[in-house]
Structure formats: C-alpha cells, structure tokens
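Asker: Could you work out the structure for the sequence below:
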Amino acid sequence: MRFHTRKWIKPEDLNPNGTLFGGQLLAWIDEELALYSIIQLENQRVVTKHMSEINFRSSAKQGDIIEIGIDVVKFGNSSLTLKCEVRNMMTRETIISIASTTMVNLGADGKPKAHGKTEIEFIKNRL
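Answerer: I've put the predicted structure just below:
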C-alpha cells in the first residue's frame, strides 16, 4: 500500500472525547480517494458510489500525525475500486481500514462512462 497523504491532528479535528472525530477522518479519506481516482482516470468527474464496512481500530489525539494509504483493488469498465488504510505515525497503529470503495467515472452528462484503464499509471510515466 502506498501512503500518499499526511495530516496533522489539530484541535478543530477532535471530538468531545479529545480524539480524532471519525467524520473528519472519513471526509479526508473520501477526498483522497477522489483525488487518486481523478488522477488515475484522468477525469475530474468522479464520484464515490460505495464504501464497504468501515472498521475503526484505534484513534489519534491532538498533535499526532496520520497517513492515508490507498491501493487499487480492481479496474471496472467505468469504475475503480480502492482499499484504504489510515495509520497513526506516532503509535504505528492502524486507525481505520476500508476494504473496498467504488469510485465511478462520469461523462459530461453525469452518467457512468467507460474509462479504458486497466492498470495503475504513475504520473511520472505520463509526463
């Protein structure tokens, strides 16, 4: 799994228990999955269709640094299925794992559109 993004946990990211608010973490994950899909599919019209069970395994507190990892599970005709793991860089514990998130490539009409991709492309190979 490649870990692409790091986040520093700040006071505004905390819940009343003083730990990372799950809703904030899910928003960061959804954004990262969308950005990853946009880059891979070379289309800004990508939406989240489905997320499998979300498993919160540990947490983070103010001052911790977390990192978000993404891996491709499979390429569909108009979709990209990804798995995600977030880990706490301070404790080395996994915070959350999501086995499967389906992102759908859309055309200008807002309907699913075939993307023609079959494997991960690294940006350096495209430039």
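Asker: Apart from its neighbours in sequence, what residue is nearest Val73?
Answerer: Thr81 (4.2 Å; C-beta to C-beta, 6 or more residues apart in numbering). Using the backbone N, CA and C atoms, a C-beta is placed for each residue, glycine as well.
Asker: try Gln24
Answerer: Taking C-beta to C-beta, 6+ apart, and ignoring the residues beside it in sequence, Gln24 has Asp13 as its nearest neighbour in space, at 5.0 Å.
Asker: Backbone dihedrals for the one you found, please?
Answerer: Taking degrees, to the nearest 10, you get phi -90, psi 0 for the backbone angles of Asp13.
Asker: Equivalent analysis for Gly110, please.
Answerer: The phi and psi torsions at Gly110 (degrees, to the nearest 10) take the values phi 80, psi 10.
Asker: cool, and Glu32?
Answerer: Taking degrees, to the nearest 10, you get phi -60, psi -40 for the backbone angles of Glu32.
Asker: show me what contacts it?
Answerer: Residues touching Glu32, when contacts are defined by C-beta atoms under 8 Å, 6 or more residues apart in numbering, comprise His4, Thr5, Ile68, Ile70, Cys84.
Asker: Out of those residues, who's the most crowded?
Answerer: The member of these surrounded by the most neighbours (other C-beta atoms under 10 Å) is Ile68, with 24 neighbours in all.
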